[in-house]
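Peer 1: Here is my input; please provide its structure:
(chains A, B and C)
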Amino acid sequence: MTDVALNYYTLGEDIADKKAPQVAIDKVWETRKFQARLVNPANRRKLSVIIVGTGLAGGAAAATLGEAGYNVLNFCYQDSPRRAHSIAAQGGINAAKNYRNDNDSTYRLFYDTVKGGDYRARETNVYRLAEVSANIIDQCVAQGVPFAREYGGLLDTRSFGGVQVQRTFYARGQTGQQLLIGAYQQLERQVAAGTVKMYPRHEMVELIVVDGRARGIVTRDMINGKVETWTADAVVLATGGYGNVFFLSTNAMGCNVTASWRAHRKGAYFGNPCYTQIHPTCIPVHGDQQSKLTLMSESLRNDGRIWVPKKAEDCAKDPRQIPEEDRDYYLERIYPSFGNLVPRDIASRQAKNMCDEGRGVGPAISEQQADGTVAQVRRGVYLDFSDAINRMGQKAVEAKYGNLFDMYQRITGENPYEVPMRIYPAVHYTMGGLWVDYDLMSSITGMFVCGEANFSDHGANRLGASALMQGLADGYFVLPNTINDYLADAPFEKLDESHPAVVEAKQSAQARIDKLMSIQGSRSVDSFHKELGHIMWEYCGMERTEEGLQKAIGLIRELREEFWRDVRVTGKAEDFNQALEKAGRVADFMELGELMCIDALHRRESCGGHFRAESQTEEGEALRHDDEFLYVAAWEWAGEGAKPVLHREDLNYKAIELKQRSYK
Amino acid sequence: MVKKFTMAVTGLIMIGFLLMHMYGNLKMFIGAEAFDHYAHWLKGATEDGGILYPIMPAGTFIWVFRFVLVLAVILHMYCALDLTRRSRQAAGRGYQHKTRLAQTYAARTMRWGGVIVLLGLIVHLLQFTIIPSSFYEGGAESPYKMVLHAFGQVWFVLIYAVWMALVCLHIRHGFWSAFATLGLNLSPRSRGILNGLAVFVAVVLYVGFMIMPVSVLFGWIG
Amino acid sequence: MKLKLRIWRQASTNAQGSMVEYRLDGVSEDMSFLEMLDMLNEQLTEKNEEPVAFDHDCREGICGMCSLVINGVAHGPEVTTTCQLHMRSFSDGATIDIEPWQAGPFPVIKDLVVDRTALDRIIQAGGFISSNTGSAPDAHATPAPKREADTAFDNATCIGCGACVAACPNSSAMLFTSAKISHLALLPQGQPERYRRVKSMIAAHDEEGFGNCTNIGECAAVCPKGIPLESISRLNRDLMKAMFKGDGK
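Peer 2: Predicted structure coming up:
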């Protein structure tokens, strides 16, 4: 069989991480920390670091590097660093504290994370993540993060999505908010101390690379449209994920790929772009004016039971009228040992399967089928708390999930204490991102990538409560200990505004803005974004096929061409202009979307969040092909219109035995 | 912030004074002798040397008392002016459409209400304390008769009633606000208690201050 | 649903603004308020007019970016964030007035967008616990009583949207400031800097030009996270103690 994907890319040299020392897994981080060169505290004052993003990773890194004495320049597109989208994470944060005495350990967290990621993550990175997880909890408590406590005054924990130990620390349904506010407070403390300079409402629009080194960024001041350049000794991107390529996602409206994509075009490899996490417990779409989807914490799956009617003709009925024997608790049926707590990718795909079978619930929405016909499909499954209410009493359910129920009621106008909630999967997190080595340095020297923006420690699927852990691990403990090794060679040559590389970067950013403003076509930016999102969701969403992906690539190329010919950006460039902001982001999503499809097309296996219809077991479960695809796909930009170049980083499992994942 | 605490403390001092003043007024019901004796006693003009004698020389207390009250009024006004000025500076352009959700009428009228109360106070002091003979010859010798004369007139009682209403409205919010500023509003329960107390004190003062003039007007006294 | 919208349009900070009227048809009651504005903006773009600028980001009620005064109430009639307000809260044919936050320390940037960085500067003055990364003791080293920890949490849910300031007749940011004071003062970790913090944060609050609290209660009535007036009283109590302690500036 010839691989059709080869029409879309070229194969480059293999790559490998060269920073992790070759020692036993539990000694790697310790050894690396010892080997990494240091920067004398007096010299740190002479060095500067640019950090883009103020979420858990960026905010924590900026605060910590500020404390260390570096001059930090921190940028975000929001009006305050406290608004980064880490704030929306609900469920919790994992840590191998073993406070529950339930056989948890660093190794078990490591093992669960690698397994949960379907064996597509780099072992050394994941082990380090598990190792520093305990420190994160200590750090956050010291900052005043109000984690849930028991009456004895000690921290409460719960079990969370796909694991059998209670290692998840939480702050009601607002863990992300509390952790981010903790990091934000530390950041503002450094702003007050003068070590961090904060630039809100500044969007990075270009990377400055001098002689192969990342040396700065170009930003657009979102208030007055001014394009400015900033230089430093190192650049850190902590700019989050790119789920908004799907238009509808649980990401914030402003989340975008622009910083990462600009860096990618300047030489940073993009790792595993097709690995997208579709979260199973979101509120279903209500209509075509919808702008975003809202997630409800998957902790709901601890007590709620998921079902659809056994018979398609019951789907339009009031769920309370459907007798017990006519309900199909499909997750409990297919996965008896994990039941409703199977990992996210499985829960999501099964919900889709049920709806595809015609057993979905909620309003019927017209939907274009793969063969071009339009069908009426109900996209939703029930998440039912009636058993939990009977067992624990409404009061107890209210105490545990009250805020989530309120949110559901506010959005849908339905009372979940009486009517089962309707849920459907939605794009939530992107495991893919810029490729980094063990030190979190990208393939551009001097550019580091933290948090969701890097291709990360989650492999092909992320377990619940692990994103907060990774963001803070990178920001507080990993980057501040690895960036020294690079900065030990600094300060680098001083750059001024007239340096050719700085001038070039600024001009190209300006030219792009001018181009967007000059088209003055007929279609709004949002209409392009919606269309792109529709293509991505249809062909590069929960289930991907060779045929569909090829079609998607064609459609995206056409759409991109139309965008650059017919987009309408109103207003002026030198002004507060939200249409222009969106246009720049959507333009980059168009290029990213194509790369995601190419990556998905080339990976002819199912793994984690990436389900290829051609690669499944007889029972319809995901089937990996470790012999062919046990690698990270790191994509290199080859120029406008050229095929991207694939660099493979082989994954070597020494501490963990490879297994086909099973949750039955 | 010191100013806000000053507002609170001086306000409470004045409320304390009003309660005492009300107690004194009610002596009207006992009779001319008791009322006049009380008035003179406060000034140290009775045979026993008056209030607080011999801790203070006769006639001293009233001056200390007046000094404290005047100081409280001045500080209260000064802080109010300054805090109002600050709020005005802090205000934006103002809304084209403004809906009020929580504020009571009392809270909203603190500033202008306060000014009106002050103007009324000046008139009140002039006629009853500073120039007691302005209304009634011999007012200085027999406050009882002076009061009888004053409240015997319908128009005067009406104005007095309106003025007292404004005073009590001011107290309704001021009492609660003072305790909140002094850090006593620490739970929904204490919020309820403080607001309840504020209404109670305002009502007690209103009734306590109005019952005597009304009685005079209808001839139940004298 | 059919709606008549009157929206504050202002080209820039120093420009003269005014209410401009728009009509919108075909609004679904399941739409969020911001989706309704998206719809208006799509139509304005179609007509080649400049869309209405408004701040928004997470659209799930937690980032604190959205900030509209709707019919004279900050965040509108449902005591939630603007993004969580749905059109079913309005009746067909309604007239809706939409204005930006108004307060001296919140200058308008454009249309409905205001500058709220003053709130960040209040936090900079002391809204934190000084604990460098790496220096923390084990999380269980200091137990924290559940009751206090829960109240600390209630206050920590503040999203910094500034609705309290927008609603306050005095343009005071005391509810915002007191939420942070309460959050940190109720935790054992917050004790060492407790009194220094309250003094510095109030000094910063006043310096930014916010007005004074007169315990009116409009702030708590609009707070999407239900921060109560009690927090302000707690701040006052701590501030009085701080004055006697002579700690901080």
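Peer 1: what's A:M421 in contact with, if anything?
Peer 2: Residues in contact with A:M421 (C-beta atoms under 8 Å, 6 or more residues apart in numbering or on different chains) are A:M296, A:L300, A:G304, A:Y382, A:L383, A:D384, A:F385, A:Y408, A:E414. The C-beta positions use only the backbone N, C-alpha and C, and glycine is treated the same way.
Peer 1: Check B:T10 too.
Peer 2: Shown in contact with B:T10 (C-beta under 8 Å, 6+ apart): B:L71, B:A72, B:V73, B:L75, B:H76, B:C79.
Peer 1: does it sit in a helix or strand, and which one?
Peer 2: helix B:2-26 (DSSP states H and E).
Peer 1: Then B:G196?
Peer 2: Residue-wise, B:G196 maps onto helix B:188-217 under DSSP H and E.
Peer 1: The residue in chain C positioned nearest to chain A - how many residues pack around it?
Peer 2: Residue of chain C nearest chain A, by C-beta to the nearest C-beta: C:P143 (2.9 Å). C:P143: 15 surrounding residues under other C-beta atoms under 10 Å in any protein chain shown.
Peer 1: so it sits right up against A:G153, yeah?
Peer 2: Yes - with contact defined as C-beta atoms under 8 Å, C:P143 reaches A:G153; the gap is 2.9 Å.
Peer 1: quick one: contacts for C:F244?
Peer 2: If a contact means C-beta under 8 Å, 6+ apart, then C:F244 has no contacts.
Peer 1: Let me know the angle separating the helix or strand it falls within from helix B:2-26.
Peer 2: Here C:F244 sits within helix C:230-245, counting by DSSP H and E. Counting by axes from the mean of the first three to the mean of the last three C-alpha atoms, to 10 degrees, helix C:230-245 lies at 100 degrees to helix B:2-26.
Peer 1: Quick check: buried residues in helix C:230-245?
Peer 2: Across helix C:230-245, burial judged by 16 or more other C-beta atoms under 10 Å in any protein chain shown covers C:230-240, C:242-243.
Peer 1: now those residues in CSV, with distance to chain A and pLDDT?
Peer 2: Below are the buried residues of helix C:230-245 laid out as CSV (distance: C-beta to the nearest C-beta, whole Å; pLDDT from 0 to 100):
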residue, distance to chain A, pLDDT
C:E230, 17, 96
C:S231, 14, 98
C:I232, 20, 97
C:S233, 20, 97
C:R234, 15, 97
C:L235, 16, 97
C:N236, 21, 96
C:R237, 19, 96
C:D238, 15, 96
C:L239, 19, 95
C:M240, 23, 94
C:A242, 18, 94
C:M243, 22, 89
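Peer 1: Pick out the most distant pair among the residues you listed.
Peer 2: C:E230 and C:M243 (20.5 Å; C-beta to C-beta).
Peer 1: residues from chain B in reach of chain C?
Peer 2: Contact residues (C-beta under 8 Å from any C-beta of the partner chain) of chain B with chain C: B:1-5, B:83, B:86-87, B:89-103, B:107-108, B:110, B:173, B:176-177, B:180-188, B:190-191.
Peer 1: Drop anything exposed from those.
Peer 2: By neighbour count, with 16+ other C-beta under 10 Å, the residues of chain B next to chain C hold B:1, B:3-5, B:83, B:86-87, B:90-92, B:95-97, B:99-101, B:103, B:107, B:110, B:173, B:176-177, B:180-186, B:191 as buried.
Peer 1: can you narrow the residues you listed to ones near chain A?
Peer 2: Okay, of those, nothing touches chain A (C-beta under 8 Å from any C-beta).
Peer 1: Now for C:M1: which residues touch it?
Peer 2: Residues in contact with C:M1, defined by C-beta under 8 Å, 6+ apart, are C:G26, C:V27, C:S28, C:E29, C:M87, C:F90, C:D92, C:G93.
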